[in-house]
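1. coordinates only, no sequence provided:
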């Protein structure tokens, strides 16, 4: 078993179909597979063995995909690092997983020199401007190679996740994990070789790497690559009329709703998908009204991908739910002691199936804490499972605000604030308070040219929420801090706020 056989299969059956389209590069499946073989055989000449760690720390690009599959083809483990990390942050992750080789950009060479000199990294491969580049690596190889067969529970990839709970952890995903995920997603999204999937989500993240990239390769679709979520670039690509599948996060959908003639500018897009954070009901409804397309969602995490889909049968799409379990996945709702709760009860979502991660690299304590007995993974998300097995996510377990002894779901408060027409984005957090323990505090970004009376907002929220849930403080700000994926960084928001008060 080897994840790279998905690519080999698509290249065998659809050799002339486009696999990758970017601003400067277009590759068919035959060409992509050949380039991957050059990388794989080049790595073998460097002495790379199955099971060894090889790192990637470069922006989204055709080269990222080529190198990734080359690493996996030889049976090595691809360790994917965020390209936006500071040198100190990257050094911490490199020392943790210690890849033999690292693909990176030449501007990082000086920061990485001490790690190479100290033996943390054996060699550095650059996109260009280095003694060893991806081009010179490929020139040393050849275009014919078959993927090395591995055991189904061998680690294929390590992705780092910080989640919302502290230090990043290296999630070990096996060949079986990824093959199951990359086959399940196209099935539920009704994907075909004629689809063009727009991807501007970073490949080091589970959304970009598994949900978009690996699933598109598995279904022999084309990846339309963009380096970032720039609205002008996104609309320029969709207006060309090739993109059929649009993948993004809630913040981008909110901003696109402000674009005039949006339906026309989306071109041939007929499928829209959102991930990484809960989508407000109002956004789903406005998007449907504006474009005629329902925003589909699924539920998954780095440790288990995917868990649910909400739209295999479009007529059964339930706004507000992330859907029903995909084939082979079991779901339970449990209390904090691990007791199984009845349908309709609120508790932690726990899941079981062959897509569950192998564990956290070199972190047995965190791995043990992530599972209940018999392979039930704790997601850290609070949710409800209804009588029809539709899952509703209430909030992150660690994001709950405890104020005056009462539990407050930030997600619920944010939905109420977002229903106000002037609001573009919002985030609700709990900040330390002598009287309440935590004070419910709102941060709001307004739509362009709009103003907001916070006193009137508070009065409005009192009609929508229990008194203890209504924020006691309102901050109108220009921008909310976000990850490269577009997810609002509440920990950073909270730290900045607390630092400003000390």
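-> Great, that's in hand. The structure presented is a predicted model; accordingly, all values stated were derived computationally and were not measured.
2. so what's residue 447 up against?
-> Under the criterion of CB atoms under 8 Å, 6 or more residues apart in numbering, the contact partners of residue 447 comprise 258, 421, 422, 423, 424. Placement of C-beta: from N, CA and C, glycine included.
3. is it possible to get TSV of these that adds distance to residue 70, pLDDT and neighbour count?
-> Shown next, in TSV, are the contacts of residue 447 (distance: CB to CB, whole Å; pLDDT from 0 to 100; neighbours: other CB atoms under 10 Å):
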residue	distance to residue 70	pLDDT	neighbour count
258	41	90	11
421	50	92	9
422	50	93	14
423	46	93	22
424	42	93	17
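4. which of those residues fall in strands?
-> With strands identified by DSSP state E, the entries of the contacts of residue 447 that belong to them are 423, 424.
5. need the contacts of residue 447 in a markdown table (columns: distance to residue 208).
-> Listed next are the contacts of residue 447 as a markdown table, based on distance: CB to CB, whole Å:
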| residue | distance to residue 208 |
| --- | --- |
| 258 | 25 |
| 421 | 32 |
| 422 | 32 |
| 423 | 28 |
| 424 | 24 |
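6. need the pLDDT of the residue positioned nearest the centre of the chain.
-> Per CA atoms, centre = their mean, the C-alpha nearest to the average position across the chain is that of residue 207, at 3.0 Å. pLDDT, residue 207: 92.
7. wait, it sits on residue 297?
-> No: under the contact definition of CB atoms under 8 Å, residue 207 does not touch residue 297, with a separation of 11.8 Å.
8. and for these two, which residues touch both?
-> residue 275.
9. between the two ends of stretch 103-116, how far is it?
-> According to CA to CA, to the nearest Å, stretch 103-116 extends 13 Å from its N-terminal end residue to its C-terminal end residue.
10. residues in contact with it: which ones?
-> The contact list for stretch 103-116, computed with CB under 8 Å, 6+ apart, reads 54-59, 63-64, 67, 83, 87, 90-91, 94-95, 102, 121-130, 134.
11. filter those residues down to just the buried residues.
-> The neighbour count (16 or more other CB atoms under 10 Å) marks 54-59, 63-64, 67, 83, 90-91, 94, 102, 121, 124-127, 134 as buried among the contacts of stretch 103-116.
12. out of those, which are inside helices?
-> 63, 64, 67, 90, 91, 94, 134 (DSSP state H).
13. show me which of the residues you listed is closest to residue 409.
-> residue 90 (34.6 Å; CB to CB).
14. now do residue 411: how many residues are near it, please.
-> Residue 411 has 18 neighbours, counted by other CB atoms under 10 Å.
15. would you mind giving the secondary structure of it?
-> The three-state label given to residue 411 by DSSP: H, G, I helix; E, B strand; the rest coil is helix.
16. how is this protein carved up into domains?
-> If the domains of the chain are taken from automatic domain parsing, they occupy 5-174+188-199, 321-397, 400-501, with pieces of a single domain joined by a plus sign.
17. now, of those, which is deepest in the fold?
-> Each of those was assessed for mean neighbour count using mean count of other CB atoms under 10 Å. The highest is domain 5-174+188-199, with a mean of 19.
18. quick one: end-to-end distance for that domain.
-> Criterion CA to CA; first-to-last residue distance in domain 5-174+188-199 is 22 Å.
19. please apply the same query to stretch 469-481.
-> Start-to-end span of stretch 469-481 (CA to CA) is 23 Å.
20. residue 320 touches residue 393, doesn't it?
-> No: contact between residue 320 and residue 393 fails when scored by CB under 8 Å: they sit 9.4 Å apart.
21. now the residue nearest to the centre of the chain, what are its backbone angles?
-> With angles defined as degrees, to the nearest 10, residue 207 shows backbone torsions of phi -60, psi -50.
22. could you measure it against residue 26, distance?
-> Distance, residue 207 to residue 26, by CB to CB, to the nearest Å: 24 Å.
23. which residues in the stretch 101-250 of the chain form helices?
-> Read by DSSP state H, counting those that start in this stretch, the stretch 101-250 of the chain holds these helices, from start to end of the chain: 109-117, 134-139, 175-188, 206, 215-218, 231-238, 250-256.
24. from residue 249, how far off is residue 79?
-> Residue 79 sits at a distance of 24 Å from residue 249 (criterion: CB to CB).
25. cool, residue 23 as well?
-> Between residue 23 and residue 249 the distance, using CB to CB, works out to 22 Å.
26. give me the helix or strand of the chain that scores worst on average pLDDT.
-> The helix or strand of the chain with the lowest confidence, counting by mean pLDDT, DSSP states H and E, is strand 406-408 at a mean of 76.
27. how far off centre is it?
-> Here the centre of strand 406-408 is set off from its chain's centre by 28 Å, with CA atoms, centre = their mean, to the nearest Å.
28. swap in stretch 451-469?
-> Here the centre of stretch 451-469 is set off from its chain's centre by 33 Å, with CA atoms, centre = their mean.
29. quick one: mean pLDDT for it?
-> On average, the pLDDT along stretch 451-469 is 90.
30. for that stretch, give me every contacting residue.
-> Applying CB under 8 Å, 6+ apart, the contact partners of stretch 451-469 are 403-404, 406, 408, 412-413, 416-417, 419-420, 422-423, 440, 444, 446, 470-471, 474, 476.
31. now swap in stretch 416-428 and tell me
-> By CB under 8 Å, 6+ apart, stretch 416-428 touches 251, 254-255, 280, 282-283, 401, 410, 413-414, 440-448, 450-452, 457, 460-461, 464-465, 471, 480, 488, 490, 493.
32. what's the answer for stretch 305-312, then?
-> For stretch 305-312, using CB under 8 Å, 6+ apart, the contacting residues are 177, 181, 184-185, 188-189, 206, 210-211, 294, 296-301, 317-318, 321-326, 329, 331, 349, 351, 355, 379, 390-391.
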